[in-house]
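In: 3D model of this:
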Amino acid sequence: MIVKKRKGISTFIATLLLMVLAVAAGVVIYAYTMGYLGGLGSPQTMGDISVDTWSLTGTNNQYALTAYVRNIGKTTFQLDQVYVNGVQIKVASASPVVVGWVFTYPSGSSLAENVVGTLSIPYGTSPNGYAFAGSITYDIKLIGIDNTQISFQVKK
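Out: Sure thing, here's the model as predicted:
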């Protein structure tokens, strides 16, 4: 019977390989957390907004919505689209005119950092011309040009 001599990797080389693997894994984790990978930290990051409060004002079961929106992000937030119960509400300058919504401060539809704006959706804004009605829950969704989104519900 012939006995063959087996050779394996020496302990020194095995230790060296494990150290190289550990350093490579550390570099990958560091690069990911620092934003070099995965799109983190890029200048095109999404904004962040919150709804401080809202109110439905009116009479005879016809209400207008006023929402106070705060930009808590690090870039200017510019409103692009407004949805009520999944139906897009158009800007007053659009054709056909369905609704007029504006931020009252600063001006236009944009909000600087740490600024609160007022979003108004007045009477007669639904596609059939009715205002918000009492005892009905409405889903409101605001979308910015950078795809920043916030949803909230209103009910009188």
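In: the helix or strand of the chain with the lowest mean pLDDT packs against which elements?
Out: Least confident helix or strand of the chain, by mean pLDDT, DSSP states H and E, is strand 87-89 with a mean of 79. Secondary-structure packing of strand 87-89 (3 or more CB pairs under 8 Å, 6 or more residues apart in numbering; DSSP states H and E): strand 77-84. Any C-beta I mention is one placed from the backbone N, CA and C, and that applies to glycine too.
In: next one, pLDDT for Asn85 please.
Out: At Asn85, the model reports a pLDDT of 84.
In: hmm, Asp139 and it touching each other?
Out: Yes. Assessed by CB atoms under 8 Å, Asn85 is found in contact with Asp139 at 5.5 Å.
In: where does the protein have low pLDDT?
Out: Low-confidence segments of the chain (pLDDT under 70): 1, 3, 35-46, 90-109, 123-130.
In: could you pull out the strands in it for me?
Out: Secondary structure of the chain (DSSP state E): strands at 49-59, 62-71, 77-84, 87-89, 110-111, 116-121, 138-144, 149-154.
In: I'd like these written out as JSON lines, with distance to Ser10 added.
Out: Formatted as JSON lines, these follow (distance: least, CB to CB, whole Å):
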{"stretch": "strand 49-59", "distance to Ser10": "60"}
{"stretch": "strand 62-71", "distance to Ser10": "61"}
{"stretch": "strand 77-84", "distance to Ser10": "61"}
{"stretch": "strand 87-89", "distance to Ser10": "69"}
{"stretch": "strand 110-111", "distance to Ser10": "65"}
{"stretch": "strand 116-121", "distance to Ser10": "68"}
{"stretch": "strand 138-144", "distance to Ser10": "60"}
{"stretch": "strand 149-154", "distance to Ser10": "58"}
